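Trainee: Structure for the following, please:
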Amino acid sequence: MFGIPGKQAVTITDKAAAQIARLMAKDGHQGLRIGVKKGGCAGMEYTMAYVTDIDPLDEVVEQDGARVMIAPMAQMFLFGTEIDYETSLLESGFKFRNPNVVDACGCGESIKFADNIASR
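Mentor: So this is what the prediction gives:
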């Protein structure tokens, strides 16, 4: 596992926890798995999927009835990230405040990490 012993890899705002818990209860999921993959105009994209089984290698963060699992290969990229849920007139969705991101595309869906992050 990557990170600092005793410190969660990500934090979840109250709004995000409420939304995740609501969706877990509605559809009977075990939680939300967060990851990253190559793609998008800045090089990487976040992935999110509701899951029915927890992978034993996932890092699990639980708060107020919400459960977020972080895929093993994403843990170094997501360490220190705050997950929020925002609602505006035009859109609603999860937002990531990730201190490891050095650049993002205009739409905010694609991100770039420092070249040395994978070598940590």
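
Trainee: From here on, just use CA atoms for contacts and neighbour counts.
Mentor: Will do.

Trainee: Quick check: end-to-end length of stretch 71-90?
Mentor: One end of stretch 71-90 to the other measures 30 Å (Cα to Cα, to the nearest Å).

Trainee: Which positions in it come out as buried?
Mentor: 71-85 (16 or more other Cα atoms under 10 Å).

Trainee: Distance check, the residue nearest the centre of the chain against residue 90.
Mentor: Nearest to the geometric centre of the chain sits residue 34, at 4.2 Å (Cα atoms, centre = their mean). Counting by Cα to Cα, the gap from residue 34 to residue 90 is 24 Å.

Trainee: got it, and residue 20?
Mentor: From residue 20 to residue 90 the distance is 20 Å (Cα to Cα).

Trainee: and what of residue 48?
Mentor: On the measure of Cα to Cα, residue 48 and residue 90 end up 21 Å apart.

Trainee: Identify, from the buried residues of stretch 71-90, the entry nearest to residue 57.
Mentor: residue 72 (6.1 Å; Cα to Cα).

Trainee: Just give me the neighbour total for residue 99.
Mentor: 13 (other Cα atoms under 10 Å).

Trainee: Next: residue 20.
Mentor: Neighbour number of residue 20 under other Cα under 10 Å is 25.

Trainee: what helix or strand does the closest residue to residue 94 other than its chain neighbours sit in?
Mentor: Using Cα to Cα, 6 or more residues apart in numbering and skipping residues adjacent in sequence, the residue nearest residue 94 is residue 85, 4.4 Å away. Assigned by DSSP states H and E, residue 85 belongs to strand 81-87.

Trainee: Can you point out the buried residues in whichever helix or strand comes after that strand?
Mentor: Counting by DSSP H and E, the next helix or strand C-terminal to strand 81-87 is strand 92-97. Residues residue 96 are the ones in strand 92-97 that count as buried (16+ other Cα under 10 Å).

Trainee: Also stretch 41-58?
Mentor: 42, 44-46, 50-51, 54, 58.

Trainee: what two of those residues are the furthest from one another?
Mentor: It's 42 and 54 that sit farthest apart of the buried residues of stretch 41-58, by Cα to Cα, at 29.7 Å.
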